[in-house]
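# below: sequence and its predicted model.
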Amino acid sequence: MQDLPPDLPRLRTLETWLAHTLDRVRQQIRAVEQQEAERRHGEQARPPEPDWLIEQGLSGRAAVYVHVGGCHMAGKRSRGVERDHALRALADGVDACTHCRPDSELGFID
């Protein structure tokens, strides 16, 4: 059973179409490889996650919660802080997140 056309003009047409399709596939492969390389570079260049977060209120001035870095409950208004700053915030009455319990992690006791 032969699934290719028997005449030269149709074979040349098929050859042209296959070459064009192969070029498109190779272009797509290069594009995906480039995206993967950029993704890997972005992961490697990403700064480390902070150990402690302070979540600011709507005004942006008052701290409302202290979180452990990476806490899923930390809001968009959170910023990374040093350990001492997190301890000071807890001592000043800023609430500790009830999910990640930074007060326990920091060894903070009222």
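Cool, got the structure.
# list phi and psi for residue 68.
phi -80, psi 140 (degrees, to the nearest 10).
# quick one, what contacts it?
Residue 68 makes contact with 51, 52, 53, 97, 100, 101, 102, 105 under the criterion C-beta atoms under 8 Å, 6 or more residues apart in numbering. The way it works is simple: take the backbone N, C-alpha and C, and place the C-beta from them, glycine included.
# hmm, try it at 6 Å
With contacts defined as C-beta atoms under 6 Å, 6 or more residues apart in numbering, the neighbours of residue 68 are 100, 102, 105.
# pipe those into TSV and attach distance to residue 66 per row.
Shown next, in TSV, are those (distance: C-beta to C-beta, whole Å):
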residue	distance to residue 66
100	9
102	5
105	10
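# give me the subset of those lying in helices.
102, 105 (DSSP state H).
# ok, of the contacts of residue 68, which one's closest to residue 90?
residue 102 (7.3 Å; C-beta to C-beta).
# isn't that closest one up against residue 66?
Yes: counting by C-beta atoms under 6 Å, residue 102 touches residue 66, with 4.8 Å between them.
# that older thread, and the contacts of residue 68, which is closest to residue 89?
Closest to residue 89, out of all of the contacts of residue 68 and judged by C-beta to C-beta, is residue 102, at 9.3 Å.
# distance of that closest one relative to residue 43?
26 Å (C-beta to C-beta, to the nearest Å).
# now do residue 49
For residue 49, the distance to residue 43 - C-beta to C-beta - is 12 Å.
# top of the contacts of residue 68 by neighbour count?
With neighbours defined as other C-beta atoms under 10 Å, the most crowded of those is residue 102; it has 26 neighbours.
# which residues touch it?
Applying C-beta under 6 Å, 6+ apart, the residues contacting residue 102 are 66, 67, 68, 96.
# closest one of the residues you listed to residue 82?
For those, the nearest to residue 82 is residue 66 (12.1 Å; C-beta to C-beta).
# where does the protein dip in pLDDT?
The chain contains residues with pLDDT under 70 at 1, 110.
# for it, what spans make up the strands?
52-56, 63-68, 78-81, 95-96 (DSSP state E).
# sheet partners, orientation included, of the longest one?
Translated: strand 63-68. Sheet pairing here is set by DSSP bridges, and for strand 63-68 it gives strand 52-56 (antiparallel), strand 95-96 (parallel).
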